[in-house]
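Trainee: test case, fold it:
(one chain, ligands or ions: 1)
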Amino acid sequence: MENRIIFLIDMQSFYANLEKLAHPLLTDKPVVVAGDPSIRSGVILAACPTAKSYGIQTAEPIWQAQNKCPHVHILKPHMQFYVNVSVTISSFLEQYSAAVEPYSIDEVFLELPAMEQGKAEQLAQHIKQRLLREIGVQARIGIGTTKVYAKMACDHFAKESRTGTAVLNDANAAELLWPLPIGRLFSVGNRMETHLLNMGIRTIGQLARHPLYDLKKRWGINGELLWQTARGYDTSPVSPSTHQKRKSIGHHMTLPRDYYHWSEIKVVLRELSEEVSRRSRQHTSLGQVVSIGAVGQEYGFKRSFHRQQRLFEPTNSGRVIFETASALFKEYWDGTPIRSLGISLSSLQPAHYKQLSLFDTDEDLDSLYHTIDQLKDKYGMDAVLHASSLSPAGQAMIRAKKIGGHYK
Ligand SMILES: [Mg+2]
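Mentor: Purely as a prediction, here's the structure:
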């Protein structure tokens with residue numbers, strides 16, 4: 001069987017680094033996010049690398065962190081913002097493969113077509129760089145032939161590696177993974193660790209070599225799962241539906257240069273809206289929440305904002321998405337030169353549940369959109385464009401010739 005290529009992409013210090021994006025003056029400062037900053041016994045949810053360099057750890061109380069670093073900046077969490085960025089990251093990764101599975105708010109599995117290991121490592125670097133440049137997040141990537149290998153490559157080896165990536169597969173597991181203490185095997189908690197230690201199993205390798213029938217006799221199917229995990233066996237697919245149904249349809253684009261003027265930005269927002277609209281129709285979905293994300297850069301500081309708006313009724317109309325996104329953008333944009341933009345539609349529902357509204361004039365538009373989609377499918381993405389896309393700011397012409405950011 002051809003080897004699978006699976007990435008587990010883990011955002012580093014996710015909450016704390018996102019707060020720095022939102023507060024550029026804190027870029028070089030120690031920053032933590034805490035559940036309730038006003039109570040000294042509140043717990044640290046996330047610490048940035050600078051704060052960690054003072055010895056601050058997640059899950060410790062605020063007073064303890066302040067003892068280690070009296071000038072630490074303590075911020076309260078903005079979960080909706082983190083969720084929005086997490087959704088943006090998933091839709092960004094969909095450029096590379098449809099098999100994108102959010103594992104947690106800051107971890108995503110991505111399965112790619114089979115390729116040589118060297119190629120996979122290069123692609124991981126490329127994705128890491130784009131995530132940093134375009135969304136502003138630092139990532140580590142574990143590369144494996146199965147999900148458990150990818151996860152353990154990331155958790156145990158990517159952190160120490162100079163490149164922030166690591167590879168785990170049948171060829172190197174015995175050398176790298178097997179010597180690790182049994183407690184570091186994915187899925188082994190404190191109680192299981194104690195059981196295994198009592199049986200004399202101290203390392204992952206000892207479990208991998210332990211007779212399967214004995215583990216099955218003790219724990220049944222769970223014993224077998226444990227043994228398979230130690231050996232990196234895992235046939236489970238990377239699929240968006242494993243943990244959650246598709247929650248949003250989004251599209252994101254990086255501009256060829258900084259955009260300074262609303263007249264240029266507007267063109268890109270229109271293209272993004274059309275693309276999101278086209279894909280919602282492809283999935284026969286309507287969405288009721290429009291989100292916009294923008295990343296800019298000024299004086300070397302990354303600035304970003306992510307905002308969303310709930311609509312009165314669900315839609316997949318490019319015009320409605322565009323108008324909503326434009327209004328949001330204009331309300332929150334402070335004039336920072338913009339480097340990348342994204343729009344997504346969430347709170348999805350099947351299109352056939354759409355309620356008829358007394359004021360609905362979308363019927364004709366719907367059939368127009370379907371015609372446009374058919375033209376695009378038949379003749380390519382640039383077959384039908386808004387006239388504004390022909391201006392120098394227009395990206396749709398260029399994008400139609402690219403796959404995953406590369407020219408076809
Ligand atoms: Mg993380």
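
Trainee: make it CA atoms for all contacts and neighbour counts henceforth
Mentor: Fine.

Trainee: after the strand or helix carrying Y82, which helix or strand is next? Please name it.
Mentor: Using DSSP states H and E, Y82 falls within helix 79-93. Using DSSP H and E, the next helix or strand after helix 79-93 towards the C-terminus is strand 100-104.

Trainee: does that next one reach the ion?
Mentor: No - Strand 100-104 does not reach the ion (CA under 5 Å from the ion); its nearest approach is 8.9 Å.

Trainee: for that strand, which strands pair with it and how are they oriented?
Mentor: Here strand 100-104 is paired, per DSSP bridges, with strand 107-112 (antiparallel).

Trainee: and the partner strand, anywhere near the ion?
Mentor: No - using CA under 5 Å from the ion, strand 107-112 stays clear of the ion, with a minimum separation of 6.4 Å.

Trainee: convert the C-alpha atoms of the lengthiest helix in the chain to PDB, please.
Mentor: With DSSP state H setting the assignment, residue counts place helix 262-282 as the longest helix in the chain. In PDB, the C-alpha atoms belonging to helix 262-282 read as follows (Å, rounded to 0.1, in the frame of the first residue of the first chain):
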ATOM      1  CA  TRP A 262     -10.700  50.800   0.000                       C
ATOM      2  CA  SER A 263     -11.100  50.800  -3.800                       C
ATOM      3  CA  GLU A 264      -8.600  48.000  -4.200                       C
ATOM      4  CA  ILE A 265      -9.600  46.100  -1.100                       C
ATOM      5  CA  LYS A 266     -13.300  46.200  -2.200                       C
ATOM      6  CA  VAL A 267     -12.400  44.300  -5.400                       C
ATOM      7  CA  VAL A 268     -10.800  41.400  -3.400                       C
ATOM      8  CA  LEU A 269     -13.700  41.300  -1.000                       C
ATOM      9  CA  ARG A 270     -16.100  40.900  -3.900                       C
ATOM     10  CA  GLU A 271     -14.000  38.000  -5.400                       C
ATOM     11  CA  LEU A 272     -13.900  36.300  -2.000                       C
ATOM     12  CA  SER A 273     -17.600  36.700  -1.600                       C
ATOM     13  CA  GLU A 274     -18.300  35.200  -5.000                       C
ATOM     14  CA  GLU A 275     -16.000  32.300  -4.200                       C
ATOM     15  CA  VAL A 276     -17.700  31.600  -0.900                       C
ATOM     16  CA  SER A 277     -21.100  32.000  -2.500                       C
ATOM     17  CA  ARG A 278     -20.100  29.500  -5.300                       C
ATOM     18  CA  ARG A 279     -18.900  26.900  -2.800                       C
ATOM     19  CA  SER A 280     -21.900  27.200  -0.600                       C
ATOM     20  CA  ARG A 281     -24.100  26.600  -3.700                       C
ATOM     21  CA  GLN A 282     -21.900  23.600  -4.500                       C
END
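
Trainee: any idea how far the helix holding Y82 is from the middle of the chain?
Mentor: Its chain's C-alpha centre and that of helix 79-93 lie 6 Å apart, by CA atoms, centre = their mean, to the nearest Å.

Trainee: cool, and stretch 253-262?
Mentor: 22 Å.

Trainee: go on, stretch 265-279?
Mentor: With CA atoms, centre = their mean, you get 21 Å for stretch 265-279.

Trainee: what residues does the helix holding Y82 touch?
Mentor: By CA atoms under 8 Å, 6 or more residues apart in numbering, the list of residues contacting helix 79-93 from outside reads 15, 18, 100-102, 105-106, 108, 110, 131, 135, 248-252, 291, 293, 306-307, 342, 344.

Trainee: quick one: list the elements packing against the helix or strand just after the longest helix of the chain.
Mentor: Per DSSP H and E, the first helix or strand lying C-terminal to helix 262-282 is strand 285-298. Other helices and strands packing on strand 285-298, by 3 or more CA pairs under 8 Å, 6 or more residues apart in numbering; DSSP states H and E, are helix 79-93, strand 301-315, helix 318-332, strand 338-350.

Trainee: export the shortest one as PDB, just CAs?
Mentor: I take that to be strand 338-350. Extracted C-alpha coordinates of strand 338-350, given in PDB (Å, rounded to 0.1, in the frame of the first residue of the first chain):
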ATOM      1  CA  ILE A 338      -3.700  45.000   4.200                       C
ATOM      2  CA  ARG A 339      -1.800  41.900   3.300                       C
ATOM      3  CA  SER A 340      -4.300  39.200   3.400                       C
ATOM      4  CA  LEU A 341      -8.100  38.800   3.600                       C
ATOM      5  CA  GLY A 342     -10.600  36.000   4.300                       C
ATOM      6  CA  ILE A 343     -14.300  35.700   4.300                       C
ATOM      7  CA  SER A 344     -16.300  32.800   5.700                       C
ATOM      8  CA  LEU A 345     -19.900  31.800   5.900                       C
ATOM      9  CA  SER A 346     -21.000  29.800   9.000                       C
ATOM     10  CA  SER A 347     -24.000  28.600  10.900                       C
ATOM     11  CA  LEU A 348     -24.700  26.500   7.900                       C
ATOM     12  CA  GLN A 349     -27.900  24.700   7.000                       C
ATOM     13  CA  PRO A 350     -29.100  22.800   3.900                       C
END
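
Trainee: check which residues of it are buried.
Mentor: For strand 338-350, a neighbour-count test (16 or more other CA atoms under 10 Å) marks I338, R339, S340, L341, G342, I343, S344, L345, S346, S347, L348, Q349 as buried.

Trainee: would you list the residues you listed in a markdown table and tack on pLDDT and distance to I39?
Mentor: A markdown table is the format used below for the buried residues of strand 338-350 (pLDDT from 0 to 100; distance: CA to CA, whole Å):
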| residue | pLDDT | distance to I39 |
| --- | --- | --- |
| I338 | 91 | 38 |
| R339 | 87 | 38 |
| S340 | 88 | 38 |
| L341 | 92 | 37 |
| G342 | 92 | 36 |
| I343 | 94 | 37 |
| S344 | 92 | 36 |
| L345 | 93 | 37 |
| S346 | 88 | 35 |
| S347 | 85 | 35 |
| L348 | 85 | 38 |
| Q349 | 82 | 41 |
